[in-house]
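> have a look; sequence and predicted model below, questions after that.
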Amino acid sequence: MSRPAAAPRPVFLGAEPVERLLPRASLLLPALEAALADFSRGPGGGVVQPVRTVVPVQKYGGFLGVMPAYSANDDALTTKLVTFYEHPTDPAVPSHQATILLFDPSNGALQAVMDGSVITAKRTAAVSAIATKLLMPANSEVLCILGAGVQAYSHYEIFTELFSFKEVRIWNRTKERAEKFARSVSGPVQVCSSVQEAARGADVIITVTMATKPILHGEWVKPGAHINAIGASRPDWRELDDAVMQNSVLYVDSREAALRESGDVILSGAEMFAELGEVLLGTKPALREKTTVFKSLGIAIEDTVAAKMVFDSWSAEN
């Protein structure tokens, strides 16, 4: 009696090949825009994606997130496993680490195991760039980045590629890390001693911190500014105070996720105006003349689309 044929061994793609194979912004952004629009279409959009499941690792102050999604339009099925730790004990270990599993949706076979940290950093920054393109005030000149970790670098890279800011400012709780960031990137960056100094007069503000209490206050935000709020991904964590949240037009990637995961949304009681996908569909307006907040939690379909693009690029080479 013959044995069934063994499934092909999955490909392993580490951080370096993933970074090389992930498309540049000119290709990544349109794919993510289409995925966000599909997601906001609801059941008819071809996206199946539950809200992230989070397992607390209380002993060590960490969390394990499980993020599955299926895109019928891209014919892609993935699960991302992501760990994040509030106070990493080893500074050499990143606070966020991720792995993405890519399956053949026709039979469930595992096709690839790939580094998810690069994809997470790049797709998060790309979605922030989409929100900024839609919502930032005309003739924006000053960019402010609060935080100096991995997401600060990925946001700086794509924002300086896509937009023409005359001034970039950075603040970090540990000033040495902000100074290291300023030395490491390609263009001039002003290191600020306080959030207030960094944020005042900025047209676009990006918050990419591990803060659990508000660091950005409404009195420091220029009327009409656009804010991308990336951190504070737990229901009891905050980056933005009530004044910011309640005096801005609030956009999110997922209403359901924001109501379950975002302390900035839950604790402020701020009303969500639209999902980003609804703006891309044209069913909700982009109110760029108002002060706007895009609360990004990062949704699994973004990882699915990016991982499929990486795997397709690898397949074309092999």
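Okay, I see it.
> where do the strands of the stretch 101-250 of the chain begin and end?
In the stretch 101-250 of the chain, the strands defined using DSSP state E, counting those that start in this stretch lie at 110-115, 142-146, 167-171, 190-191, 204-207, 226-229, 249-252.
> run through who's touching stretch 79-87.
By CB atoms under 8 Å, 6 or more residues apart in numbering, the residues outside stretch 79-87 that reach it are 57, 60-69, 95-101, 103, 116, 120, 210, 212, 233, 300, 303. Glycine gets a C-beta too; all of them are placed from N, C-alpha and C.
> tell me which of these fall in helices.
Of these, the ones assigned to helices by DSSP state H are 120, 300, 303.
> tell me the one among the residues you listed nearest to residue 44.
residue 300 (18.7 Å; CB to CB).
> check contacts around that closest one.
Residue 300 makes contacts with 49, 52, 67-69, 78-80, as judged by CB under 8 Å, 6+ apart.
> looking at the residues you listed, state which has the most neighbours.
When neighbours are counted by other CB atoms under 10 Å, residue 78 leads these with 28 neighbours.
> sheet-wise, list the partners of the host helix or strand of that one with their directions.
Following DSSP states H and E, one finds residue 78 within strand 76-85. Strand 76-85 has the following strand partners under DSSP bridges: strand 62-71 (antiparallel), strand 96-103 (antiparallel).
> what angle sits between it and strand 110-115?
With axes from the mean of the first three to the mean of the last three CA atoms, to 10 degrees defining the directions, strand 76-85 sits at 30 degrees from strand 110-115.
> can you give me the buried ones in strand 76-85?
Neighbour-count burial for strand 76-85 flags 76-80, 82-85 (criterion: 16 or more other CB atoms under 10 Å).
> which member of the residues you listed is positioned nearest residue 127?
The nearest one, if we look at those relative to residue 127 and count by CB to CB, is residue 80, at 14.6 Å.
> how close does that closest one get to residue 98?
Per CB to CB, to the nearest Å, residue 80 is found 6 Å from residue 98.
> let me have the strands paired with strand 76-85 in JSON lines, adding distance to residue 260 and mean pLDDT as columns.
Formatted as JSON lines, the strands paired with strand 76-85 follow (distance: least, CB to CB, whole Å; pLDDT from 0 to 100):
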{"stretch": "strand 62-71", "distance to residue 260": "12", "mean pLDDT": "96"}
{"stretch": "strand 96-103", "distance to residue 260": "19", "mean pLDDT": "95"}
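> how close does residue 30 get to residue 148?
Going from residue 30 to residue 148 by CB to CB gives 30 Å.
> which of those two has more neighbours?
Higher neighbour count among residue 30 and residue 148: residue 148, with 27 against 12, using other CB under 10 Å.
> now do the contacts for the residue nearest to that one when sequence neighbours are not counted.
Ranked by CB to CB, 6 or more residues apart in numbering and with sequence neighbours excluded, the top spatial neighbour of residue 148 is residue 172, at 3.8 Å. When contacts are counted by CB under 8 Å, 6+ apart, residue 172 is found next to 146-148, 152, 178, 181.
> how about residue 223?
residue 291.
> what about residue 25, how many residues nearby?
By other CB under 10 Å, the residues close to residue 25 number 18.
> my bad, should have said residue 108
Residue 108 has 9 nearby residues by other CB under 10 Å.
> where's it relative to residue 68, distance?
12 Å.
> list the buried ones in stretch 164-174?
165, 168-172.
> dump those residues to JSON lines, plus pLDDT.
What follows is those, written out as JSON lines (pLDDT from 0 to 100):
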{"residue": "165", "pLDDT": "97"}
{"residue": "168", "pLDDT": "98"}
{"residue": "169", "pLDDT": "98"}
{"residue": "170", "pLDDT": "98"}
{"residue": "171", "pLDDT": "98"}
{"residue": "172", "pLDDT": "97"}
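> list just the nearest of those residues to residue 196.
For those, the residue nearest residue 196 by CB to CB is residue 171; the value is 9.0 Å.
> of the contacts of residue 172 - the most surrounded one?
Neighbour max across those (other CB under 10 Å) = residue 146, 29 neighbours.
> surely that one meets residue 209?
Yes. Using CB atoms under 8 Å, residue 146 is in contact with residue 209, at 5.8 Å.
> tell me, what's touching these two both at once?
What both residue 146 and residue 209 touch, as defined by CB under 8 Å, 6+ apart, is the set 215, 239.
> just to revisit the earlier point, write the PyMOL selection for whichever of the contacts of stretch 79-87 are buried.
Here is the PyMOL command that picks out the buried ones among those, judged by 16+ other CB under 10 Å:
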select buried, resi 62+63+65+67+68+69+96+98+100+101+103+116+120+210+233+300+303
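> hmm, back to that, and the buried residues of strand 76-85 as TSV, adding distance to residue 268 and pLDDT?
Putting these into TSV (distance: CB to CB, whole Å; pLDDT from 0 to 100) gives the following:
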residue	distance to residue 268	pLDDT
76	35	97
77	36	98
78	32	98
79	31	98
80	28	98
82	25	95
83	27	94
84	22	88
85	25	87
